[in-house]
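Undergrad: Structure here, sequence nowhere to be found:
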DNA sequence: CAAAAATATATCGTATACAAATATTGACGT
DNA sequence: ACGTCAATATTTGTATACGATATATTTTTG
């Protein structure tokens, strides 16, 4: 009666694809053929399909019948919905954490921030990893509430936010983000609900603003080619 | 390029199972063998598995490797998590609806309440259907916000709440519930955020209390037997 | 007679094969 | 030269077959 004798190969595929999408290694609207992925991982389409289904439910991939799976390409409206829901959920997270969070929990958050610092100031500016870490900070917070349901939803919206940022934001200026994380933890430490919530709201607002202000950077093939033909004509 | 030429057979299975679970036709912890279900619906295990996977993600069924799928049997802790998250989400729903809801939206809510009344006062007291309708009222509200993400999460927690009520509440006293629904709509009509939220919170609190106050009616075999051995020893 | 081992059965996990649907490409006629 | 239509080829949707694993039953042994 061991816990996990078989590490579930579909989970491996799922997590790999998830990271690849979040870190923008797989661009939005990119096709995800089952055969190709299966060959790559050495598994059959059955396994790949499970992973893709999960990703679809979480909003990271979209599938149309007989068209297969594609990396999701959220519209601005969807993006707004995700951000709005995320704010709602994270307010609850902060509220709960201020109410009761263990010292270990705060330490875990500090440790995570330290890791974010390390990656940011590290030898090479690892943008994708930085985005992922920034998101995981919020997931860690949600898990510290002890509410599994809440944590799952936060994890989902954070993933989707990462994808949205990957689309709509040119570069992830994580400098301010890390600092805001620090300030949120400080407010929680001070048992200051209002401050923590306000900082969190501002933080998410800043993230959202960064997304909303930029134009869609991955337009249709036609548009791209138009630009290039213009260049060659010039 | 028609919308849905094939109504997706897995969706049929999914919805049937979902309703059966929510209406307590399928009891918690009941086994759900893939073959049996497949034979019943005239589809292969592949289809059934898709439906079961979806239900698992939504928390309505649980599966352990090589043990197959069972109807979920949430613990009290899970139940609390679900209720807490639901409150958080529905507060947001109410807030958004008060901000801006169309007349059509309010009409839809009225119509739904009327339907609840009809079923409640109908010839036969249709308990299961009453539970389902009560839940769907909240889903309709969430959908009226226009936020798809929010609506999906609300739909999920409402489903799970229905299941929880099915377990922990002996009978669904829907009389008060319908009236509370009416009062919530009234508060929204009056643009009274505070009142609407307060009623909603009280409503969910009442639902939760009804669940939390009852002891687990189907505990472990050991626990039951312990109680009985104690009794015989006394 | 009780307990433990061994077998049998049922159910699940995965791969693969076949059918259906669609996008693409080439041919053809205007 | 361009638009339309048909054939091909790729990809998904579904079913089924096979192997693995857990549970139930039976048999054996102390």
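TA: It's in. All values reported here derive from a predicted model rather than from experimental measurement. Numbers count the residues shown, from 1 in each chain, chains lettered A, B, ... in the order given.
Undergrad: What is the neighbour count of residue A:195?
TA: Neighbour count for residue A:195, taken as other C-beta atoms under 10 Å in any protein chain shown: 17. The C-beta positions use only the backbone N, C-alpha and C, and glycine is treated the same way.
Undergrad: just residue A:33 next, same as before
TA: 12.
Undergrad: which residues touch the residue of chain A found nearest DNA strand C?
TA: Proximity of chain A to DNA strand C (C-beta to the nearest atom of the strand) peaks at residue A:44, 3.2 Å away. Taking C-beta atoms under 8 Å, 6 or more residues apart in numbering or on different chains, we find residue A:44 in contact with residue A:38.
Undergrad: Then residue A:74?
TA: A:28, A:59, A:82, A:160, A:163, A:164, A:167.
Undergrad: Backbone dihedrals for it, please?
TA: phi -60, psi 140 (degrees, to the nearest 10).
Undergrad: ok, now residue A:137?
TA: Per degrees, to the nearest 10, the backbone of residue A:137 is at phi -60, psi -50.
Undergrad: coming back round to it: pLDDT score assigned to the residue of chain A closest to DNA strand C?
TA: In this prediction, residue A:44 carries a pLDDT score of 94.
Undergrad: Could you list every helix and strand in contact with the helix or strand containing residue A:196?
TA: Counting by DSSP states H and E, the element that carries residue A:196 is helix A:193-212. If you count contacts as 3 or more C-beta pairs under 8 Å, 6 or more residues apart in numbering or on different chains; DSSP states H and E, helix A:193-212 packs onto helix A:76-99, helix A:148-168, helix A:174-189.
Undergrad: And for residue A:65, the neighbour number?
TA: Count around residue A:65 with other C-beta under 10 Å applied: 9.
Undergrad: which of the helices and strands packed on helix A:193-212 sits most buried?
TA: helix A:148-168 (a mean of 23; mean count of other C-beta atoms under 10 Å in any protein chain shown).
Undergrad: That helix relative to helix A:193-212, how many degrees between them?
TA: Here the directions of helix A:148-168 and helix A:193-212 differ by 30 degrees (axes from the mean of the first three to the mean of the last three C-alpha atoms, to 10 degrees).
Undergrad: Can helix A:148-168 be said to contact chain B?
TA: Yes: counting by C-beta under 8 Å from any C-beta of the partner chain, chain B is contacted by helix A:148-168 at A:148, A:149, A:150, A:153, A:157.
Undergrad: In chain A, what residue comes closest to DNA strand D?
TA: residue A:68 (2.8 Å).
Undergrad: I'd say that residue and residue A:31 touch.
TA: Yes: between residue A:68 and residue A:31 a contact is recorded at 6.4 Å, counting by C-beta atoms under 8 Å.
Undergrad: Looking at these two, which one has more neighbours?
TA: More crowded of residue A:68 and residue A:31, by other C-beta under 10 Å: residue A:68, with 14 against 11.
Undergrad: ok, what's across the strand from that one?
TA: Counting by DSSP bridges, residue A:68 forms beta bridges with residue A:64.
Undergrad: From residue A:35, how far off is it?
TA: 10 Å (C-beta to C-beta, to the nearest Å).
Undergrad: and what of residue A:199?
TA: Note on residue A:199: its distance to residue A:35, by C-beta to C-beta, is 47 Å.
Undergrad: swap in residue A:51?
TA: The gap separating residue A:51 from residue A:35 is 14 Å, by C-beta to C-beta.
Undergrad: what about the two, which has more around it?
TA: residue A:51 (26 against 10).
Undergrad: mind listing what's buried in the helix or strand where that one lies?
TA: Under the criterion of DSSP H and E, residue A:51 resides in helix A:45-57. Using 16 or more other C-beta atoms under 10 Å in any protein chain shown as the test for burial, helix A:45-57 gives A:47, A:48, A:49, A:50, A:51, A:52, A:53, A:54, A:55.
Undergrad: got the contact list for that helix?
TA: A:9-11, A:13-14, A:17-18, A:21, A:32, A:34-35, A:37-38, A:41, A:61-63, A:69, B:50, B:53-54, B:57.
Undergrad: Among these, name the buried ones.
TA: A:9-10, A:13-14, A:17-18, A:21, A:32, A:34, A:37-38, A:41, A:61-63, A:69, B:50, B:53-54.
Undergrad: Tell me who's in contact with residue A:96.
TA: Contacts of residue A:96 by C-beta under 8 Å, 6+ apart are A:145, A:146, A:147, A:150.
Undergrad: Same list as before, these that is, but in JSON lines and with pLDDT and distance to residue B:178 included.
TA: Output for the contacts of residue A:96, formatted as JSON lines (pLDDT from 0 to 100; distance: C-beta to C-beta, whole Å):
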{"residue": "A:145", "pLDDT": "97", "distance to residue B:178": "33"}
{"residue": "A:146", "pLDDT": "97", "distance to residue B:178": "34"}
{"residue": "A:147", "pLDDT": "97", "distance to residue B:178": "29"}
{"residue": "A:150", "pLDDT": "98", "distance to residue B:178": "29"}
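Undergrad: And those, which two are furthest apart?
TA: A:146 and A:150 (8.8 Å; C-beta to C-beta).
Undergrad: Figure out which of the helices and strands packed on helix A:193-212 is closest to residue B:193.
TA: helix A:76-99 (14.6 Å).
Undergrad: I'd like the next helix or strand past that closest one.
TA: Scanning onward from helix A:76-99 (DSSP H and E), the first element met is helix A:103-121.
Undergrad: Counting by contacts, list what that next one packs against.
TA: Helix A:103-121 packs on helix A:127-144, helix A:174-189, going by 3+ C-beta pairs under 8 Å, 6+ apart.
Undergrad: can you tell which of the ones you listed is closest to residue A:75?
TA: helix A:127-144 (20.3 Å).
Undergrad: List just the nearest of the contacts of residue A:96 to residue A:102.
TA: Relative to residue A:102, the closest of the contacts of residue A:96 is residue A:146; by C-beta to C-beta it sits at 9.8 Å.
Undergrad: three-state assignment of that closest one?
TA: Per DSSP: H, G, I helix; E, B strand; the rest coil, the local secondary structure of residue A:146 is coil.
Undergrad: For it, grab the count of nearby residues.
TA: 17.
Undergrad: From residue B:65, how far off is it?
TA: 26 Å.
Undergrad: just residue A:85 next, same as before
TA: 32 Å.
Undergrad: Same question for residue A:153.
TA: 25 Å.
Undergrad: Residue A:133 now?
TA: From residue A:133 across to residue B:65, the span is 31 Å (C-beta to C-beta).
Undergrad: Residue A:68 now?
TA: 28 Å.
Undergrad: and residue A:139, how many neighbours?
TA: 18.
Undergrad: Give the full set of residues in contact with residue A:26.
TA: A:17, A:20, A:32, A:71.
Undergrad: Closest to residue B:75 out of the residues you listed?
TA: residue A:17 (31.5 Å).
Undergrad: residue contacts, the closest one?
TA: Contacts of residue A:17 were listed using C-beta under 8 Å, 6+ apart, and they are A:26, A:32, A:37, A:51, A:52, A:55, A:60, A:61.
Undergrad: Reformat these as a markdown table; add pLDDT.
TA: Below are those laid out as a markdown table (pLDDT from 0 to 100):
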| residue | pLDDT |
| --- | --- |
| A:26 | 91 |
| A:32 | 94 |
| A:37 | 93 |
| A:51 | 95 |
| A:52 | 95 |
| A:55 | 96 |
| A:60 | 96 |
| A:61 | 96 |
